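Asks: how does the following fold in three dimensions:
(chains A and B)
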There are 2 protein chains.
Amino acid sequence: MSEEVAQGPKESPPAPRPGPREVWKKGGRLMSVLLSVNVLLLACTLISGGAFNKVAVYDTDVFALLTTMMLLSAFWILFYVLRTARCPDAIPYRDAHAGPIWLRGGLVLFGICTLVMDVFKTGYYSSFFECQSAIKILHPIIQAMFVIVQTYFLWVSAKDCIHVHLDLTRCGLMFTLTTNLAIWMAAVVDESVHQAHSNNSPHTNGSQARLTHDAERAGNPVGGDPCPCNTAICQIFQQGYFYLYPFNIEYSLFASTMLYVMWKNVGRLLTSSHGHSHAPSPVSLFRETFFIGPILGLMLFVVGLAVFIIYEVQVSGEGSETQQALVIYYSFNIVCLGLMTLVSLSGSIIYRFDRRAMDHHKNPTRTLDVALLMGAALGQYAISYYSIVAVVVGMPKDLLGGLNLAHALLLIAQHTFQNVFIIESLHRGPPETEPQDTAPKEPCHGLTFANLDALHTLPSCPPTPRLVGPSSTGPQEAEAIILAPRGHWRRRCLKDISLFLLLCNVILWIMPAFGARPHFSNTVEVDFYGYALWAAIVNICLPFGIFYRMHAVSSLLEVYVLS
Amino acid sequence: MSEEVAQGPKESPPAPRPGPREVWKKGGRLMSVLLSVNVLLLACTLISGGAFNKVAVYDTDVFALLTTMMLLSAFWILFYVLRTARCPDAIPYRDAHAGPIWLRGGLVLFGICTLVMDVFKTGYYSSFFECQSAIKILHPIIQAMFVIVQTYFLWVSAKDCIHVHLDLTRCGLMFTLTTNLAIWMAAVVDESVHQAHSNNSPHTNGSQARLTHDAERAGNPVGGDPCPCNTAICQIFQQGYFYLYPFNIEYSLFASTMLYVMWKNVGRLLTSSHGHSHAPSPVSLFRETFFIGPILGLMLFVVGLAVFIIYEVQVSGEGSETQQALVIYYSFNIVCLGLMTLVSLSGSIIYRFDRRAMDHHKNPTRTLDVALLMGAALGQYAISYYSIVAVVVGMPKDLLGGLNLAHALLLIAQHTFQNVFIIESLHRGPPETEPQDTAPKEPCHGLTFANLDALHTLPSCPPTPRLVGPSSTGPQEAEAIILAPRGHWRRRCLKDISLFLLLCNVILWIMPAFGARPHFSNTVEVDFYGYALWAAIVNICLPFGIFYRMHAVSSLLEVYVLS
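Replies: Sure, this is the predicted structure:
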């Protein structure tokens, strides 16, 4: 969040000359944030209340609230697309950083999965519609409509800097963002309750029985209630829609980040020079690597898939098989995380020799990327610290305790070093500035240049070469040809590193997203904290950990393109 | 957090010219934030683990961690005061907004209360030192030393913009901030456990019995354990230190905000024009009010104190007395909150006629103030929404249910409108700019001016008078004399409003800070959510609500001075 704050040259502020349209932008933002906070807290209260068995809030209340919110958001989106965006001068600028193609592509992908989930949900609730309230069938249908409308809206409008209907647009964007966050919360809570229910057999103690009771009350009528899900098709629908929840969760988070960037861009003024988008030429996209990174990454990816399948098959077996599955799972993760830590670290070391200028431009998308990387990593950090305390204080003397400790420590190190590497990469200037940057140093070492005229315009031998900012473009093509081999070496390394990290993050995303939960198969933490507390910790923090992997993948793709 | 972002003229960024000392400020900040996050999560894990009875983390572990952190922070502070601050050119600028006198005064006041608490704690643990571990006696002694060192440090250094040992200073400040947050968390947890213990008698059900057991394990050996606190002096020490916890909590939060502002100011460059501090002349400080606001506020304050005493006396009695105490308490709060809402609203309306320019200067202290006001209000918002859901869904048909609902709704409205009023006030320019602002309009209405030369330098009849920024100071004194009466009327109203709100916030702070807990005396929410869940909600959110009142008082004092 504090990205825009930290920029050296902005410290001495310009004269307080307000923009031509708005006197006080913060006032408009304040209103929309207050609206959003209040709606979000109401939704949070109902959703969390609905998840506890002692409380008389029923899931139909939650469904009704979510359906209303989605309908209102969809109406605003239609108004925006049909009226606001068609005003003259509505969108004088477009932010080139906002809504990059991989974010929009991911949104469409997850949107399609959410639509499939909605079909499954409609089918599941239709299986016993005579004893359910109508809102439960209406909810997935409205959600499907909302997803279609919102995905279209974000696809066409993600880059807009809107300059009409400012307050209405801010409130509309914030309300839609709140709707997505509420859907996300409801999905996380529903998935947690379902998972506590399916983890029923190994740990049937007091707290577990209570959670199971919740699960039954919260809309999974599996027990001896009047609405049984007995038919095969109903079972398939139920299984299917729970497997598709992770995609719905990711869809909501993707949409939220894009809406937040749009909200930041409302009323924003851009200079034309600001819009450089670092877009690479498509020719150079898959050429400049040493192939070591992608090949090693692909190997780890394939091995990881095999480990994941073995783990899933063995972990539900008896004692020794579970033990073996956990050893395999932890060993693979330790190797993978160790390699990723080393590779991130070497990437950061390469940057110590890199003389590209830092990019101090204001960039809400990047600010948000950095905040999300740091914020989402907190989820995994928290799980790791709870694991470490459990292992260190509980002192299990076996192999699994040691593996668990090493795994938790490496998770912290890997998240830290990967974040440092990604954030530093995102703040480097485009590669075109690199030759410019090295150019002023060269005359001091007596080299010859193709274009000597250019040197007269440059400062001679600055004492600190990293302080040279990007000046006007001009004779750099000639220099770039001469200096290309040296620049290439570092750039290739960075591209290899980002591809390797990207593939590793994909496999580390797949495992938890598709149901690997060593946190519960492993008994150290469950015994130490008790099932209820440990389940609460994992179920709150793990979705952030999964989102972190997703987000790291998209950031690393950007790093790959920028390097 | 997003305050610096929202400023119109900054949107077109200056050329990326790094500051003279640091290439990439964000890099240094990133390191210190990562350090802080990791230490804080470790502390959070241990403290929360220590509060659960199933977990084998003992409070001695928590005390040992806190003691170590305080020692390290104190060492860094001594290094800073003795070495860093004495370097030549270490502090080229001082931020006039940082560490205002009421913040530093509050820090010293709460610091003294914390010292008294430490004396009580030392006395309490010394009463049975033969069966306690030494760390429990060492901890309050080290804390007292830490409080003295830190208060001195913040008193003399709160305004510093440090320009040497940048990374070390950032890490040191963040580590000290983390230490304060860890102390705050430990105090909140300890107080909650104690309160759950003292609420033992009215609600002895299953969850309550468990919490009581926690309280005994967490360091309150009251039961039949080998270390009884039987002597009168020991009882007094124990009672005393629990009553002083709120001051310790506030001290930690005050110190944290000041450390955060110092951290933001590390390496900051200020222009000399930036340092205007809005300092009023001491003569005008207590003169320009209509006396209605302070008198009405004082009346409410006195009535509130009486209501609080009646409530405290009656609430622990039998059924009908508790009922009566709650009715009195809620009625007073509803009247008080209703008046505050109306007054805040009228303040915002007055600003619609106020033509002072908005202050777009960068100001980390103000940014933090706004973020804290908005963030701390979330605590009270959350409690209110949970109350509303409980009353609306649970539908109690009696008077108390209605009063509870009205109280919760008014709390939300009051926090919202008060925040809007305070935030708008903090963003107004100093009162000196007001005559400047009205000046350009006057020639259009045919008025005469003392200094006609000045008018030629001003734009004639701008279509939107609020868009004129503060220009260079010059002939404004002459105009200010002419226009003074009109400006005075609004300014007096605003001063009255801020004093009234200030006094109301003080009484609304006193009630919960000194132990009024209608949340538990009232049975609606306890019956709806169950004791454990409702206690968790209140104990997590209420400290933020109390801190909000404190912080609103200091912000309103600033509003009073600025108006």
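Asks: how far out from the middle of the chain is stretch A:79-90?
Replies: In terms of CA atoms, centre = their mean, to the nearest Å, the centre of stretch A:79-90 is set 30 Å apart from its chain centre.
Asks: could I get the buried residue list for that stretch?
Replies: Buried residues in stretch A:79-90, counted by 16 or more other CB atoms under 10 Å in any protein chain shown: A:80, A:84-85, A:90. For every residue, glycine as well, the C-beta is placed using N, CA and C.
Asks: now do stretch A:321-328
Replies: Across stretch A:321-328, burial judged by 16+ other CB under 10 Å covers A:322-323, A:325-326, A:328.
Asks: now stretch A:91-106
Replies: Of all the residues in stretch A:91-106, those buried under the rule 16+ other CB under 10 Å are A:91, A:93, A:95-100, A:103-104, A:106.
Asks: same check, this time on stretch A:40-57
Replies: Using 16+ other CB under 10 Å as the test for burial, stretch A:40-57 gives A:40-52, A:54-57.
Asks: what about that stretch, distance to the chain center?
Replies: On CA atoms, centre = their mean, the centre of stretch A:40-57 falls 26 Å from that of its chain.
Asks: what of stretch A:69-79?
Replies: 25 Å.
Asks: likewise for stretch A:405-422?
Replies: The answer for stretch A:405-422 is 17 Å, by CA atoms, centre = their mean.
Asks: what of stretch A:155-163?
Replies: Using CA atoms, centre = their mean, the offset of stretch A:155-163 from its chain centre is 21 Å.
Asks: neighbouring contacts of that stretch?
Replies: Stretch A:155-163 is contacted by residues A:21, A:80-81, A:84-85, A:89-96, A:98-99, A:103-104, A:107-108, A:169, A:258, A:261-262, A:265-270 when judged by CB atoms under 8 Å, 6 or more residues apart in numbering or on different chains.
Asks: could you point out which element follows the helix or strand containing residue A:254?
Replies: In this structure, residue A:254 sits in helix A:245-265 according to DSSP states H and E. Going down the chain from helix A:245-265, the next helix or strand is helix A:292-315, by DSSP H and E.
Asks: hey, C-alpha coordinates of that next one in CSV?
Replies: Extracted C-alpha coordinates of helix A:292-315, given in CSV (Å, rounded to 0.1, in the frame of the first residue of the first chain):
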residue,chain,number,x,y,z
ILE,A,292,18.2,-24.7,-17.8
GLY,A,293,15.5,-23.0,-15.7
PRO,A,294,12.5,-24.2,-17.7
ILE,A,295,13.8,-27.8,-18.0
LEU,A,296,14.7,-28.1,-14.3
GLY,A,297,11.3,-26.5,-13.5
LEU,A,298,9.4,-29.0,-15.7
MET,A,299,11.2,-31.9,-14.1
LEU,A,300,10.2,-30.7,-10.7
PHE,A,301,6.7,-30.2,-12.0
VAL,A,302,6.4,-33.7,-13.3
VAL,A,303,8.0,-35.3,-10.2
GLY,A,304,5.7,-33.1,-8.0
LEU,A,305,2.6,-34.4,-9.9
ALA,A,306,3.7,-38.0,-9.3
VAL,A,307,4.4,-37.2,-5.6
PHE,A,308,1.0,-35.6,-5.3
ILE,A,309,-0.8,-38.6,-6.8
ILE,A,310,1.2,-41.1,-4.6
TYR,A,311,0.4,-38.9,-1.5
GLU,A,312,-3.3,-38.7,-2.3
VAL,A,313,-3.5,-42.5,-2.9
GLN,A,314,-1.6,-43.5,0.2
VAL,A,315,-2.6,-40.9,2.8
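Asks: would you mind listing the buried residues in it?
Replies: A:293-294, A:296-297, A:300-301, A:304, A:307-308, A:311, A:314-315.
Asks: residue A:354 belongs to a strand, doesn't it?
Replies: No. Residue A:354: not assigned to a strand; according to DSSP: H, G, I helix; E, B strand; the rest coil it is coil.
Asks: so how many other residues sit close to it?
Replies: 18 (other CB atoms under 10 Å in any protein chain shown).
Asks: show me where pLDDT drops low in chain A?
Replies: Residues of chain A meeting the criterion pLDDT under 70: A:1-22, A:53-56, A:195-226, A:271-289, A:429-487.
Asks: ok, residue A:518 touching residue A:328?
Replies: No. Using CB atoms under 8 Å, residue A:518 is not in contact with residue A:328; the gap is 10.5 Å.
Asks: overlap of the contact sets of the two?
Replies: Both residue A:518 and residue A:328 are contacted by residue A:311, under the criterion CB under 8 Å, 6+ apart.
Asks: now do the helices in the stretch 401-550 of chain A.
Replies: Ranges of helices within the stretch 401-550 of chain A are A:433-438, A:453-456, A:476-513, A:518-521, A:523-529, A:531-562, based on DSSP state H, counting those that start in this stretch.
Asks: need these in CSV (columns: mean neighbour count and distance to chain B).
Replies: Below are those laid out as CSV (neighbours: other CB atoms under 10 Å in any protein chain shown; distance: least, CB to the nearest CB, whole Å):
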stretch, mean neighbour count, distance to chain B
helix A:433-438, 22, 10
helix A:453-456, 12, 19
helix A:476-513, 20, 17
helix A:518-521, 20, 15
helix A:523-529, 21, 6
helix A:531-562, 22, 6
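Asks: residue B:117: which of those is closest?
Replies: Closest of the helices of the stretch 401-550 of chain A to residue B:117 is helix A:531-562, at 29.9 Å (criterion: CB to CB).
Asks: gap between that closest one and the chain center?
Replies: Mean C-alpha position of helix A:531-562 versus that of the full chain (CA atoms, centre = their mean) differs by 7 Å.
Asks: check the buried residues of stretch A:91-106 and tell me the two furthest apart.
Replies: The largest separation in the buried residues of stretch A:91-106, counting by CB to CB, is between A:93 and A:106 at 24.7 Å.
Asks: close enough to count as contact, residue A:40 and residue A:180?
Replies: No. Using CB under 8 Å, residue A:40 is not in contact with residue A:180; the gap is 10.4 Å.
Asks: what helix or strand is the closest residue to residue A:135 other than its chain neighbours located in?
Replies: For residue A:135, ignoring the flanking residues on the chain, the nearest one in space by CB to CB, 6 or more residues apart in numbering or on different chains is residue A:63 at 4.8 Å. Take DSSP H and E as the rule and residue A:63 turns out to sit in helix A:59-82.
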